[in-house]
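Undergrad: No letters, just coordinates:
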């Protein structure tokens, strides 16, 4: 793919350590070079050294110049150069997932890369050409995951083609066919999912999973049969908006509700730690033993108590839209300080590159202009 080089401006960051806060042994506060975007970034996905981006934007911005990229774009994670991958979508792209030489996209679109596709599409990772994979979805897909030869889709929908599917569905990544067996249902939308070898983790504000009552907000199902995994029932205290699974099997959840929460759970559902913020945690990911957290919060609470409109009641520390927590649940000094009301909507890691990419509605990070995307490494 052709690249459009990025010329980085100098960024000055002053690190201030607060008493009692652990020092981050990970990525830097200052973003690496990357394109910027003129609209919301809802989702990002790595494939090797390429970052794929989806959202509402119409243009990428490189060196102050607007370059058409209708809701989909890609750039080199090491150099920040914008790539010529540009399969335009006619409406919002809300989720991306990569597999082999393919990029799956889900959202509100009806056309993508010049072809009719109902909210779900498979694109060539090199050319952007649309694949023959095509299904009719009654409702709105919101989250994607790939594993074990299947594409898993979550959201708020009732049917795929002529088959009943309540908020969850899976497809064979080789044939593109709807999986006839995998059909767990939830009683409310699935906002997030994460795929591992033995489980598909589900997050949302549901209270019933796979026809089992009292299975609220964060559950796991079998990746082949869709049966509820009763060995993981943490029952978190608030709606789950984001899920990530660490390399050690730790399950991280970002939550909304009154204020916001980020929590870590063991494979058996035991809570390891929970951190409270004064706004929703909309994104969470893990790199090594560190959890990176994003949302529309401005402060991290010193205790697990908060009050009206999520305000911290026992003191707080500034963590504007971004924060990091170590394996013991201690708040780290990593605090790039983004801006905006909604803030960060997505966080995606690359273990090989030791990077985390943040996307959302912010326009400033670490005191400099970084519009809607920032790569930390």
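TA: Thanks, I have the structure now. These figures come from a predicted structure and were not determined experimentally. Numbers count the residues shown, from 1 in each chain.

Undergrad: list the contacts for the residue lying closest to residue 273 once chain neighbours are set aside?
TA: Closest residue in space to residue 273, ignoring its immediate chain neighbours: residue 329 at 2.6 Å, by CB to CB, 6 or more residues apart in numbering. The way it works is simple: take the backbone N, C-alpha and C, and place the C-beta from them, glycine included. Shown in contact with residue 329 (CB atoms under 8 Å, 6 or more residues apart in numbering): 264, 272-275.

Undergrad: And the residues you listed, which of them are buried?
TA: When the contacts of residue 329 are checked for burial by 16 or more other CB atoms under 10 Å, the buried set is 264, 273-275.

Undergrad: May I see those arranged in CSV, with secondary structure and pLDDT as well?
TA: Converted to CSV, those look like this (DSSP: H, G, I helix; E, B strand; the rest coil; pLDDT from 0 to 100):
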residue, secondary structure, pLDDT
264, strand, 98
273, strand, 98
274, strand, 97
275, strand, 97
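
Undergrad: in what helix or strand does the residue nearest to residue 273 lie?
TA: Under DSSP states H and E, no helix or strand contains residue 329.

Undergrad: circling back to that earlier point, would you convert the contacts of residue 329 into CSV that also reports distance to residue 363?
TA: Below are these laid out as CSV (distance: CB to CB, whole Å):
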residue, distance to residue 363
264, 30
272, 34
273, 32
274, 30
275, 26
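
Undergrad: And the residues you listed, which is closest to residue 61?
TA: Top of the list for closeness to residue 61, among the contacts of residue 329 and by CB to CB, is residue 275 at 33.5 Å.

Undergrad: beta partners of the closest one?
TA: Assessed by DSSP bridges, residue 275 has beta-bridge partners residue 262.

Undergrad: Test my guess that it contacts residue 299.
TA: No: when contacts are counted by CB atoms under 8 Å, residue 275 is not listed as touching residue 299 (11.4 Å).

Undergrad: Now for the chain, the helix or strand with the poorest mean pLDDT.
TA: The helix or strand of the chain with the poorest confidence is strand 3-4; it has a mean of 59 (mean pLDDT, DSSP states H and E).

Undergrad: Tell me the helix or strand right after that one.
TA: Downstream of strand 3-4, the next assigned helix or strand under DSSP H and E is strand 36-37.

Undergrad: just the helices in the stretch 151-300 of the chain please.
TA: With helices called from DSSP state H, counting those that start in this stretch, the stretch 151-300 of the chain shows none.

Undergrad: pLDDT weak spots in it?
TA: Across the stretch 151-300 of the chain, nothing is flagged by pLDDT under 70.

Undergrad: what's the answer for the stretch 1-150 of the chain, then?
TA: For the stretch 1-150 of the chain, residues meeting the criterion pLDDT under 70 lie at 1-25.

Undergrad: Run through the bridge partners of the residue nearest the centre of the chain.
TA: By CA atoms, centre = their mean, the chain has its centre lying nearest to residue 346, at 4.0 Å. Using DSSP bridges, the bridge partners assigned to residue 346 are residue 359.

Undergrad: Roughly how far does it sit from residue 199?
TA: In this view, residue 346 and residue 199 are 22 Å apart by CB to CB, to the nearest Å.

Undergrad: quick revisit: would you mind giving the buried ones among the contacts of residue 329 as a markdown table with distance to residue 57 added?
TA: Below are these laid out as a markdown table (distance: CB to CB, whole Å):
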| residue | distance to residue 57 |
| --- | --- |
| 264 | 32 |
| 273 | 35 |
| 274 | 34 |
| 275 | 31 |
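
Undergrad: quick one on the thing from earlier: in contact with the residue nearest to the centre of the chain, which residues?
TA: 41-44, 282-283, 294, 358-360.
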